[in-house]
Each structure stands twice: as structure tokens, then as C-alpha cells.
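# Okay, predicted coordinates and the sequence, questions at the end:
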Amino acid sequence: MSAAPSVTWTFTRLKLSLLRNGLRRSSGRTAAFVVSVVLVLLLGTGQLLGMLLLRGNEYAAAGVVPLAALMALGWAVMPVFFPGGDETLDPTRLVMLPLRARQLMPGLLIASLVGIGPLFTVLVGAGTVLALAQGVAGAAAAVIALPLLVLVCLALARAVAAVNVRLLTSRRGRDLALLSGLVIAVGIQLLNLGFQRLSESGGLAPLEPVADALAWVPPASAVAAVQSAGEGAYGSALAQVALSGAALAVLLWWWYRSLDRLMTSPDASTVQATTGPERARGRAGGKGLTRLLPEGRTGAVMLRSLRYVWRDPKTKVGWASSLGVGVLLPVVFAAQGNGSAYNACWVAGLLGIQMYNQFGQDYSAFWLVASTISDPRDAYVEMRARMLAIALIAVPYVAAVVVVCAVLLGEWQKIPEVLGLALGLLGVLLATGVFTSYRFPYSIPQDNGYKNVAPGQGSLAYLSIFGGIIIGALMCSPLAALTIWLHLSGGHAWLWAVLPIGLLYGVSAPALALRVAAPRVAARLPEILTAVSRG
């Protein structure tokens, strides 16, 4: 009687089958996979060779130990921001198999080695240990450190995925996937700043304190143990390896507990929510900050717009990008030596364009809004409420960024003029957003993809955004000209006046725009509905 096939090998074949069948769907996907493999091989091999060049360098550990910690961090966040990257990360798909969590874990862990990410991890991990391996003891420690590093990374990813599996398969998980682009952009900027600092210092010496601290943080401690063993510090090497081994044991235990709970607890969809009516009544009555909103149509529209920001994936991505990049740009400029308090005006521009294409985010549901607008007064209240919802977030955020940026740069005396310019720019962009919203509306597809413009409406989107920004900049030019004139004419004592003038500018421009645009919005409702309903 033949022995039963190994569960571990079965899961490995399952992972290979999923990969193979996914590539058979289209030639484009196959080409993208091949290109990805080639790029990963080139990048990983380049990293490996680069770290081999560090062998014998006194600052080798300062470079490779933080890299090992950064790689582990990437594995920790990968399941959260890229839940669709590995179909086997969702253990709830295996709940019907007659297997216990202890039987599933070896197969899933070994199956994790199949893929582009593990290939890159092995190449980089090999480079980190080979860069530090010196002598027989160092080589022996490297043999232990490399698999330990890779296993900790894989177990970390599996444990995080098991804990957050309900999140990853929900709407919020898809939202996080859409936000991954912002996280990557911010991470690239931070790495860019770090590389600039290193290039200015002319070496890896500034990273030594960081490497010394990370040498005792798993799994980077396994890499640091290779150096300790090579230098004859066998006690330190043993302790650092033990730390990574203990971390692996804790992660496996955490993963086991999460798997066991997922395999034995009922799904939320099968359990009747007994408190549903009570919760519904609580929401209907309005609680928390919603009670501070105005009564009537204004408050209802503001609440709907704020819920779009919080719940709609693409609206949330747009807001998160504007908020994040608006803070990141002044920080990057300051770190590059080009810092100025005026860089805080970027956040006003990025938040101001959130007023553009207001009806597009409603998609085909705009007919519900259109059915409630019977005259210019209704259109005025609708647009004003949408604008107030944006201002409720944008105004305090812009003020906070301006103040923080000026204080950090030691230019606190520029706060009045910069804040006046920023608020004036914000108000002008809100005003132009009113016109572009009804004059150049376009549809935002409601699928889970990354397209923010329906096919055939790209020119409308570009005309709306860039045309509105150019007109807004021209409208704000008198305020900017006043600020420049006060600087050039020596009237620094009067620069504080830019704040009230900018505030008046930022309030009067949207008010005038609403008055002018309201009759046109009411008259163009059928055209707007047709434009925003295109799929």
C-alpha cells in the first residue's frame, strides 16, 4: 500500500497550479510575469553583487543589517496592501479540507517560497549574509542565518495575513490595496531622502547607530550574528540567532492561533446580528460629530460628501493622496535644502481640486440628486454644501501645515502671509471647481480598477483639471502680486495684511461662483446625468 502524498508537496503543487493557470488567462499577463521575473532577477542579482563588494568594508554591517530589517518590514505590510498577490494567503478558502491548522502550516509555509517575492528575498538575503561572512565561524553562521531570515519573513507575512483575513476580503481591504500606490510613493520619497543624506556624507557611517540597534531586532539579528561569529564574539552571535529563532517561534504560534480560530469560528455572514435595529436607530438619530452639522439639506449633503470621503475607495484615495502629498512635498523640499514656508501652498492646491467633478463621484446615482433639484436655489444649496464639506477638512488642514512648516523652518514670521496666500488659493480653486463640475462633468467608473475616467472622456478630465487650475492661478495672481510687491517695496511691516485679504479672497470667490453657477447647474441636469453615467 503506497504512502499518502505529503500535504506539503500538495500545497506546493497547488501554488504552482494557481500560478500556471493564472498565466494562461492572457498573453499580456504572461508577458508581464516574465518581465517581472527578469527585472527581479536583475535587481536581486545587482543587490547581491553590490553587497559582495562590501565584503571586508568596515561599514558593511551598517548597510546590510538595515536592509534586512527593511525587507522584513516589506513582508509585514505586503499582505495588507497587496492581498491579491498570493491566492494562498487567504486560509478561509481551505476551511472545508479535513486538515488541522498544524497540518496546514508546513504546506502553506513551504508554498510561500514559490513566487517572485521569495526569489528576490533569497537573493538579497544571500547578499546580506555573504557580505558579513568571515572565516569558518562566519560561514557556519551564514548557513543558519539565511534560512532563518527567509523563514521569519514568510512566517511574518502568513501571520499578518491570517490575523487580517477578514479585513483583506472586505471593502476596506480593497481600499487599502488602492492606497498602496500612495504608500509606495511616500516610501520611495523617504528612501530617496535617505540616499541623498548618505551621498552627502560620502559613506555608510551615518547608518552605524541604526545598524547597532537593529542588530538585536529579529530577523536583522540573524544577519548581524554572521558578523559577530566572524569576529569571534560567539556569545553575541548565539544570542542574536536565538532572538531570530524565538521570533520565528512566536510568529508560528501567532499564526497557529489565528488559523485555529479561523477554522473553528463561524463566519460573520452566518451569524444573525441581533443589535442591527438598535444600531440603525442610533445612526438615524445622529451621533457624535454629525450632530454639529447644519440642519436640512445642507447638513444632509455635507454628511453624504464626508461619507464618500470615508467609504468610497476612489474618493478616499484622492483625498489620502492630497493630504499625504501635501505634507510630503514641503518636507522633501526642506530636506533637499530648498525649504520655504511658501511650499505649504501645495497642500491648498491639492485639496482645492477635490471640488472638481463633484457630480462624477455620484455616477449613475446622480439622478437621485437631480430629482431633488427643482430650481436654482436647490442647486445653490447642493453645491454650497459640497463645498462646505471640503472646506471642513481643507481649511484646518491647510492652516496646520502652514504653521508647522513655518515653525520647522524657523520662518514663523511668514505665517500670516503664507496662510493668506494658501487660503486665497484654496478659495479660488473651490470657485473654479464649481464651474468645471457642471461645465465639464465626466464619469468615474465604479469598478475596482484604477481607472478614474470613463473611456472617451479623458479630454474632458484633462480640460476640467488643468484648465481650472490655470484659471484659478490667474485669479489668485493679484493676491500673489500684492505679496511680492510688499516684499520688493520694503513694506514688510504690512505683510500681515495678506492674511485678512487672502481670507476675504478665499470666501468671496466661492460665494460669487455659487451665485453665478446655480442657475446653470439647474438648467444642465440632464446633460450632467448623461455625462456622469457613462460606464
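Received it, and whenever you're ready, just let me know what you need.

# Mark out where each domain of the chain begins and ends.
Here the domain parsing of the chain from automatic domain parsing is 29-265, 293-532.

# chain center to the shortest one: distance?
Centroid separation between domain 29-265 and its chain, computed with CA atoms, centre = their mean, to the nearest Å, is 20 Å.

# can you list the domains of the chain in TSV and add mean pLDDT?
Below are those laid out as TSV (pLDDT from 0 to 100):
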stretch	mean pLDDT
domain 29-265	79
domain 293-532	85
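
# Distance to Leu14 and mean neighbour count for the ones you listed - can I get that in JSON lines?
C-beta: built from backbone N, CA, C; applies to glycine. Below are these laid out as JSON lines (distance: least, CB to CB, whole Å; neighbours: other CB atoms under 10 Å):
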{"stretch": "domain 29-265", "distance to Leu14": "7", "mean neighbour count": "18"}
{"stretch": "domain 293-532", "distance to Leu14": "25", "mean neighbour count": "19"}
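
# quick one: which of those is nearest Thr8?
Nearest to Thr8, of all the domains of the chain, is domain 29-265, at 4.4 Å by CB to CB.

# what helix or strand does the closest residue to Val498 other than its chain neighbours sit in?
Closest residue in space to Val498, ignoring its immediate chain neighbours: Gly420 at 3.8 Å, by CB to CB, 6 or more residues apart in numbering. Per DSSP states H and E, Gly420 falls inside helix 415-439.

# Against which helices or strands is that helix packed?
helix 345-352, helix 376-408, helix 458-488, helix 498-523 (3 or more CB pairs under 8 Å, 6 or more residues apart in numbering; DSSP states H and E).

# still on that earlier bit, how about the contacts made by the residue nearest to Val498?
Gly420 is in contact with 479, 483, 498-503, counting by CB atoms under 8 Å, 6 or more residues apart in numbering.

# Ala213: which of the residues you listed is nearest?
Nearest to Ala213 among those, counting by CB to CB, is Leu499 at 44.4 Å.

# Ala233 versus that closest one, what's the distance?
61 Å (CB to CB, to the nearest Å).

# Also Ala31?
For Ala31, the distance to Ala233 - CB to CB - is 50 Å.

# repeat for Gln358
64 Å.

# The helix holding Gly420 vs helix 498-523, what angle?
Compare the direction of helix 415-439 with that of helix 498-523 by axes from the mean of the first three to the mean of the last three CA atoms, to 10 degrees and you get 10 degrees.

# Could you figure out how far helix 415-439 is turned away from helix 376-408?
Orientation of helix 415-439 against helix 376-408 (the same axes, to 10 degrees) gives an angle of 150 degrees.

# Would you mind listing the residues in contact with Leu392?
When contacts are taken as CB under 8 Å, 6+ apart, Leu392 is in contact with 302, 306.

# Actually, Cys345.
418, 421-422, 425.

# element containing Ala300, please.
Ala300 belongs to helix 296-311, assigned by DSSP H and E.

# got the angle for that helix vs helix 376-408?
50 degrees.

# Can you name the next helix or strand after helix 296-311?
Downstream of helix 296-311, the first helix or strand assigned by DSSP H and E is helix 313-335.

# Restricting to C-alpha, output that following helix in CSV.
The C-alpha trace of helix 313-335 is given here as CSV (Å, rounded to 0.1, in the frame of the first residue of the first chain):
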residue,chain,number,x,y,z
PRO,A,313,-12.5,53.8,-2.5
LYS,A,314,-11.6,56.2,-5.2
THR,A,315,-12.7,59.3,-3.4
LYS,A,316,-10.7,58.0,-0.4
VAL,A,317,-7.6,57.5,-2.5
GLY,A,318,-7.9,61.0,-3.9
TRP,A,319,-8.2,62.6,-0.5
ALA,A,320,-5.5,60.5,1.0
SER,A,321,-3.1,61.3,-1.8
SER,A,322,-3.8,65.1,-1.5
LEU,A,323,-3.4,65.0,2.3
GLY,A,324,-0.3,62.9,2.2
VAL,A,325,1.5,64.5,-0.7
GLY,A,326,0.5,68.0,0.5
VAL,A,327,2.6,67.3,3.7
LEU,A,328,5.3,65.3,2.0
LEU,A,329,6.3,68.0,-0.6
PRO,A,330,7.2,70.7,1.9
VAL,A,331,9.2,68.0,3.9
VAL,A,332,11.0,66.8,0.8
PHE,A,333,11.9,70.4,-0.3
ALA,A,334,13.1,71.2,3.2
ALA,A,335,15.2,68.1,3.4
